[in-house]
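Novice: the sequence isn't on hand, but the structure is:
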Ligand code: SF4
Ligand code: SF4
Ligand code: SF4
């Protein structure tokens, strides 16, 4: 039991007083991963719907890519949560006997709704025609596989394609509030804990939502560049510039909301403020000011803002976008970190905190978290092989009625 | 009695408004309330357990914490407690020093010399068995629940060990059992109550600083305790409707 | 209705059907007996073994000691505070109950601490009061003189 051993060590590194039971780090790195991954899903999906619903043509090259990215991360989104449980095999209870007053219980349903009704359906309608075509071209098992994926519907008439298009559009429209719901809801899991002043704020769902968008957009930007590079294809700079523009706007909103929350907290200065102040200035200084705000917000904002006025050469721009997307992804990761881990560093007695918990993290949960972050990329590779966006038939024009 | 009085006034309020606005308003007033909290409100019948702790009588011997660990197979390490004792020392230069080494089981030492002490006292802590318990509210599977007698209990064969309730308890009264992987907390020794015995910590307290009883029975030990003393609960601003009442609670205690 | 939508609805119907069946099969017996939890859990918690048997059980056999104790300052104390839980000894009298005889046990309560109320407990500074002696050489714990 090295966990216990490290608790003994932790005992010597407590500043002030914490409740005896607070010594153990209850939610570890895996719970940092959980809002991070769901955020990537929601963000990637919203980027896709920008193209479809708001009809931003420049984003067309990344449409399928964002959807598939969202799907591959969605498939593992529950895994950090489940692997973190003390009794992982009992997770099904959450779906069978959900306790309706619990924010966490609804997650199973929000998740199923989002995965089944929104993401899978949208992708299915988008690819149905192509899958039929591919099933005709392929042989053997792949033929059967594509056929199964089309649910043995082999209609390729223009009417059927129009139906696909219309229903797909409708689903995207439903999907936007769903994506908002999914991630706003994840914020609510934290924001509704009145026992923890670092979490308990009505802003939490909104902040989570916007940071989700930021991270999702940055992820798609990153993946788009990597995929294009691997396929030795020319990057559509127009698409990239547009993504960067939206990233810039949403980053501004996100930063405003977060500052608003902090300013509110500082000005209101309720009973928990003193301990939180020490926490943020001390234990969280690096992750909060340097990583979350510096790397995650200030650098990208400054660079992207600069790019709005002056456009350097394509090669440099590409490099900048590539670096910025990584910066944002890292910054948002630390934002989740500061919420989840930061919220557990101080005592609910407001009389102290422990510095050591950070070092308690290590071993299995870090490995698992890394695993759950890497697996989606493999899923994405598989999906891109199975449903290559670049081999799709050109979209059918819907005549205006 | 603090908690009862509040309930009555709320009930009256609802009754009156329902007379004005009829059954529809009545239902809409009751329902969101019911939905948000996992607990049923006390009906005035049956038992409704409450706890009293007399800080004036606590000598900080840690017998309660020791007895609880033994009685309930709480891990023996210096962490994980169903109950523990805190020592508060307020110095003349107004520093507040709190300590609870090994939950008080091994006894206490004063951190400052006697002449620097302005005020010092012990505060035993345990689950408050909140009537509007945030912990049972958040349990996703209903493994944490408020029993009909007002005890916040954990169904350990059903708990998934997500730890959400640990986060939600404002008093730090829950922990994840490292061996079982499920959450554990004070049950007010329900297994002893049902056998006609006192909870282990109350039994072990040499000075009788800890009492429990039925809040619905106006002659129970805890009801009389509330009648005779000015009691307060911890963190009242969180509206947990805690049923652990402290006599002589200093405002420094969180 | 277009064919693909029909197929999809079928798939959804099957999925929801499976969920309902699973819900039916997996929901525990006493669910919702009193509320959204397993009603049987209350009984299961209640049936755990109690380890402390309380002084009435001790007095059943050790009546002479109980009588001595009832005349001393420690009258209200439970035997098991010092002697430890007695459930095994009650079942099997050959099971010996170990007790610490040195002063650490006494000093759990009687050590000098400003936080302990003076009117409730007699306190001693063990570094001054007969240092190195065990308390029980002079005081009988069952009937301590003052
Ligand atoms: S004190 Fe904590 S564990 Fe006990 S009922 Fe209240 S919230 Fe729940
Ligand atoms: S740890 Fe157990 S009791 Fe607590 S919320 Fe999770 S399932 Fe419920
Ligand atoms: S009532 Fe029982 S479980 Fe609760 S603190 Fe006391 S001894 Fe422990």
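Specialist: Sure, I can see it. From a predicted model like this one, the values you see are computed outputs, not experimental measurements. Ligands and ions are numbered 1, 2, ... in the order given.
Novice: doesn't residue A:254 make contact with residue A:207?
Specialist: Yes - contact criterion Cβ atoms under 8 Å: residue A:207 and residue A:254 qualify, at 7.2 Å. Where you see a C-beta, it was placed from the backbone N, CA and C, and this is true even at glycine.
Novice: more neighbours: which of those two?
Specialist: Higher neighbour count among residue A:207 and residue A:254: residue A:254, with 26 against 22, using other Cβ atoms under 10 Å in any protein chain shown.
Novice: assign a three-state SS to the residue nearest to the spatial centre of chain B, would you?
Specialist: The residue lying closest to the centre of chain B (Cα atoms, centre = their mean) is residue B:128, at 0.9 Å. The local conformation at residue B:128, judged by DSSP: H, G, I helix; E, B strand; the rest coil, is coil.
Novice: which SSE is residue C:100 in?
Specialist: Per DSSP states H and E, residue C:100 falls between elements, in no helix or strand.
Novice: ok, it - contacts?
Specialist: By Cβ atoms under 8 Å, 6 or more residues apart in numbering or on different chains, no residues touch residue C:100.
Novice: if I pick residue C:84, what's in contact with it?
Specialist: Residue C:84 makes contact with B:70, C:97-99, according to Cβ under 8 Å, 6+ apart.
Novice: min pLDDT across these, which one?
Specialist: Of all the contacts of residue C:84, residue C:98 carries the smallest pLDDT score, 84.
Novice: can you tell me the closest non-neighbouring residue to it?
Specialist: In this structure, residue C:98 finds its nearest non-sequential neighbour in residue C:84, 7.0 Å apart by Cβ to Cβ, 6 or more residues apart in numbering or on different chains.
Novice: and residue B:175, bridged to which residues?
Specialist: For residue B:175, the beta-bridge partners are residue B:184 (DSSP bridges).
Novice: count of neighbours near it?
Specialist: Residue B:175: 25 neighbours (other Cβ under 10 Å).
Novice: repeat that for residue C:98.
Specialist: Other residues near residue C:98 number 7, with proximity taken as other Cβ under 10 Å.
Novice: which stretches of the chain form strands?
Specialist: Just so you know, I chose chain A. Under the criterion DSSP state E, strands of chain A are mapped to A:14-16, A:352-354.
Novice: sorry, should have said chain B
Specialist: In chain B, the strands defined using DSSP E lie at B:49-54, B:83-91, B:96-99, B:117-126, B:144-146, B:152-154, B:175-176, B:183-184, B:210-214, B:231-232, B:244-247.
Novice: possible to save the ones you listed as JSON lines with mean pLDDT and distance to ligand 1?
Specialist: Converted to JSON lines, the strands of chain B look like this (pLDDT from 0 to 100; distance: least, Cβ to the nearest ligand atom, whole Å):
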{"stretch": "strand B:49-54", "mean pLDDT": "96", "distance to ligand 1": "10"}
{"stretch": "strand B:83-91", "mean pLDDT": "95", "distance to ligand 1": "11"}
{"stretch": "strand B:96-99", "mean pLDDT": "94", "distance to ligand 1": "18"}
{"stretch": "strand B:117-126", "mean pLDDT": "95", "distance to ligand 1": "8"}
{"stretch": "strand B:144-146", "mean pLDDT": "94", "distance to ligand 1": "8"}
{"stretch": "strand B:152-154", "mean pLDDT": "96", "distance to ligand 1": "4"}
{"stretch": "strand B:175-176", "mean pLDDT": "94", "distance to ligand 1": "10"}
{"stretch": "strand B:183-184", "mean pLDDT": "95", "distance to ligand 1": "9"}
{"stretch": "strand B:210-214", "mean pLDDT": "94", "distance to ligand 1": "14"}
{"stretch": "strand B:231-232", "mean pLDDT": "94", "distance to ligand 1": "15"}
{"stretch": "strand B:244-247", "mean pLDDT": "95", "distance to ligand 1": "7"}
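Novice: where in the chain is pLDDT low?
Specialist: All of this is about chain A. By pLDDT under 70, the low-scoring segments of chain A are A:1-3, A:356-363, A:396-401.
Novice: if you could check chain C rather than the one you did, that'd help
Specialist: Applying pLDDT under 70 to chain C picks out residues C:146.
Novice: for residue B:142, see how far away whichever residue of it sits closest to ligand 1 is.
Specialist: Closest contact between chain C and ligand 1, by Cβ to the nearest ligand atom, is at residue C:37 (14.2 Å). Applying Cβ to Cβ, to the nearest Å, the value for residue C:37 to residue B:142 is 4 Å.
Novice: swap in residue A:381?
Specialist: Distance check for residue A:381 against residue B:142: by Cβ to Cβ, it reads 40 Å.
Novice: over to residue C:51?
Specialist: Between residue C:51 and residue B:142 the distance is 29 Å, computed by Cβ to Cβ.
Novice: okay, those two: which has more neighbours?
Specialist: residue B:142 (28 against 19).
Novice: ok so, going back, which ones among the contacts of residue C:84 are found in helices?
Specialist: Secondary structure assignment by DSSP state H places residue B:70 of the contacts of residue C:84 in helices.
Novice: need the contacts of residue C:84 in a markdown table with distance to ligand 1, can you?
Specialist: Converted to a markdown table, the contacts of residue C:84 look like this (distance: Cβ to the nearest ligand atom, whole Å):
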| residue | distance to ligand 1 |
| --- | --- |
| B:70 | 21 |
| C:97 | 33 |
| C:98 | 34 |
| C:99 | 33 |
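Novice: for residue A:299, state which of the contacts of residue C:84 is nearest.
Specialist: Nearest to residue A:299 among the contacts of residue C:84, counting by Cβ to Cβ, is residue B:70 at 56.6 Å.
Novice: for the residue nearest to that closest one when sequence neighbours are not counted, which residues are in contact?
Specialist: Computed as Cβ to Cβ, 6+ apart, the closest residue to residue B:70 that is not its neighbour in sequence is residue C:85, at 5.6 Å. Going by Cβ under 8 Å, 6+ apart, residue C:85 touches B:70-71, C:51-53.
Novice: want to throw these into a markdown table with distance to residue A:310?
Specialist: As requested, these are exported to a markdown table (distance: Cβ to Cβ, whole Å):
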| residue | distance to residue A:310 |
| --- | --- |
| B:70 | 73 |
| B:71 | 73 |
| C:51 | 77 |
| C:52 | 78 |
| C:53 | 84 |
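Novice: and which of these is nearest to ligand 3?
Specialist: Lowest distance from ligand 3 to the contacts of residue C:85 (Cβ to the nearest ligand atom) belongs to residue B:71, with 5.6 Å.
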